[in-house]
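Peer 1: I would like to see how this sequence folds:
(chains A, B and C)
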Amino acid sequence: MGFRKIEAIIRSEKLEEVRVALDKEGFVGMTVTEVRGRGSQGGILLEWRAGEYRVEFLPKLKIELVVDDFDLQRALKAIEESARTGTTGDGKVFVYTVDNIIRIRTGERGGKAL
Amino acid sequence: MGFRKIEAIIRSEKLEEVRVALDKEGFVGMTVTEVRGRGSQGGILLEWRAGEYRVEFLPKLKIELVVDDFDLQRALKAIEESARTGTTGDGKVFVYTVDNIIRIRTGERGGKAL
Amino acid sequence: MGFRKIEAIIRSEKLEEVRVALDKEGFVGMTVTEVRGRGSQGGILLEWRAGEYRVEFLPKLKIELVVDDFDLQRALKAIEESARTGTTGDGKVFVYTVDNIIRIRTGERGGKAL
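Peer 2: Predicted structure coming up:
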């Protein structure tokens, strides 16, 4: 009876696919933040006629949702499959434990607030 | 002797009220991020003369603050009461355990850094 | 065999120094978010010819990276030393436990995904 936060750093252009995939599995609520990401490979080299230009950070989106422990693997699967292109820069997913959830409108706690 | 992070997704127009409510209780430090949120109801339908338009995400603010365990309920109460309108879209609050805190200026750790 | 998230709220102008310091220690991947911060001192008073003006939030950057437990102190040291100016507003660092990590491209979990 616990809750987990899923924090996925994804390609910006994958938001719609990920949202629909989560929706289909019944995960409707989520938060999206515009971030800049730097993968394990570091920045990327862009080649111009005039030479090379190094970009240290690339625009990414961070998607956050909180799920019941019981639903964690299903939510992760939906994100992985919809966010994957198979090439460098697909991003990462981090999982954290959530101690409590509150729905502000009603004051409900825990599972009822999810 | 532990610390908790409070992460509140609130209506953007409630920031000032929430900040003042937290301030009154002695919670001064916080971080604010512009996010896009999608509640448990999914997006919302906007009606136009020309028809309907579905908006999947709405602008929200994420407020983050870290408090001593001892102060958690007091901080949550201040946020809930000031962020609540009683209608759909009031947002949610998530609570996490924080392992450690460091004040960069001094290098202080734990409670002294709070 | 655990993982930690480091969340550092730093001065915006320190990003490059912090990135280079982390890079030197082998911490290449990270995420950066533009946030507004309010320190323990609250807002700041700006003085104008016409009077005083209170600013409640200042632009800051949030840097997030996930590291192996074993590397935590080394990563914290790099951030502290590179982000510090010694004056008010240097920011804070928070440490959290991460339950799992997934590399979206390959589906790898845990240490292999780091």
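Peer 1: for chain A, where's the lowest mean pLDDT among helices and strands?
Peer 2: The helix or strand of chain A with the poorest confidence is strand A:44-48; it has a mean of 82 (mean pLDDT, DSSP states H and E).
Peer 1: Now the element after it, going C-ward?
Peer 2: Downstream of strand A:44-48, the next assigned helix or strand under DSSP states H and E is strand A:51-55.
Peer 1: Beyond that following strand, next helix or strand please.
Peer 2: Scanning forward in sequence from strand A:51-55 by DSSP H and E, the next helix or strand is strand A:58-68.
Peer 1: then that next one to PDB, C-alphas only?
Peer 2: Provided in PDB are the C-alpha atoms of strand A:58-68 (Å, rounded to 0.1, in the frame of the first residue of the first chain):
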ATOM      1  CA  LEU A  58      19.000  20.000 -25.300                       C
ATOM      2  CA  PRO A  59      15.400  20.800 -24.700                       C
ATOM      3  CA  LYS A  60      13.500  17.900 -23.100                       C
ATOM      4  CA  LEU A  61      10.200  17.400 -21.200                       C
ATOM      5  CA  LYS A  62       9.900  16.100 -17.700                       C
ATOM      6  CA  ILE A  63       6.700  14.100 -17.100                       C
ATOM      7  CA  GLU A  64       5.700  13.400 -13.500                       C
ATOM      8  CA  LEU A  65       3.000  11.200 -12.300                       C
ATOM      9  CA  VAL A  66       2.300   9.400  -9.000                       C
ATOM     10  CA  VAL A  67       0.800   5.900  -9.100                       C
ATOM     11  CA  ASP A  68      -0.100   3.100  -6.700                       C
END
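Peer 1: Could you spell out the sheet neighbours of that strand, each with its direction?
Peer 2: Strand pairing for strand A:58-68, using DSSP bridges, gives strand A:3-11 (antiparallel), strand A:30-38 (antiparallel).
Peer 1: now it and strand A:44-48, what's the angle there?
Peer 2: Strand A:58-68 runs at 150 degrees relative to strand A:44-48, counting by axes from the mean of the first three to the mean of the last three Cα atoms, to 10 degrees.
Peer 1: For the nearest residue to A:V67 once chain neighbours are set aside, list the residues it contacts.
Peer 2: Excluding its sequence neighbours, the residue lying closest to A:V67 (Cβ to Cβ, 6 or more residues apart in numbering or on different chains) is A:A75, at 5.0 Å. (C-beta placed from N, C-alpha, C; glycine too.) Going by Cβ atoms under 8 Å, 6 or more residues apart in numbering or on different chains, A:A75 touches A:I6, A:L22, A:E25, A:F27, A:L65, A:V67.
Peer 1: what's the neighbour count on the second one?
Peer 2: Other residues near A:L22 come to 24 when the count uses other Cβ atoms under 10 Å in any protein chain shown.
Peer 1: Is it correct that it is in contact with A:L65?
Peer 2: Yes. A:L22 is in contact with A:L65 according to Cβ atoms under 8 Å; the separation is 7.0 Å.
Peer 1: Quick check: nearest residue in space to A:A83, chain neighbours excluded?
Peer 2: Using Cβ to Cβ, 6+ apart, the nearest residue to A:A83 is A:I10, at 4.5 Å.
Peer 1: ok so, going back, which other residues reach the least confident helix or strand of chain A?
Peer 2: A:E52, A:Y53, A:R54, A:V55, A:L58.
Peer 1: farthest-separated two in the residues you listed?
Peer 2: Greatest spatial distance in those: A:E52 and A:L58, 16.1 Å, computed using Cβ to Cβ.
Peer 1: Between the two, which is the more surrounded one?
Peer 2: A:L58 (15 against 8).
Peer 1: Was I right to think that one contacts A:Q41?
Peer 2: No. The criterion here is Cβ under 8 Å, and A:L58 misses it with A:Q41 at 10.8 Å.
Peer 1: now for the contacts of A:A75, which pair is the farthest apart?
Peer 2: A:I6 and A:E25 (12.0 Å).
Peer 1: okay, those two: which has more neighbours?
Peer 2: Between A:I6 and A:E25, counted using other Cβ under 10 Å, A:I6 has the larger neighbour count: 24 against 14.
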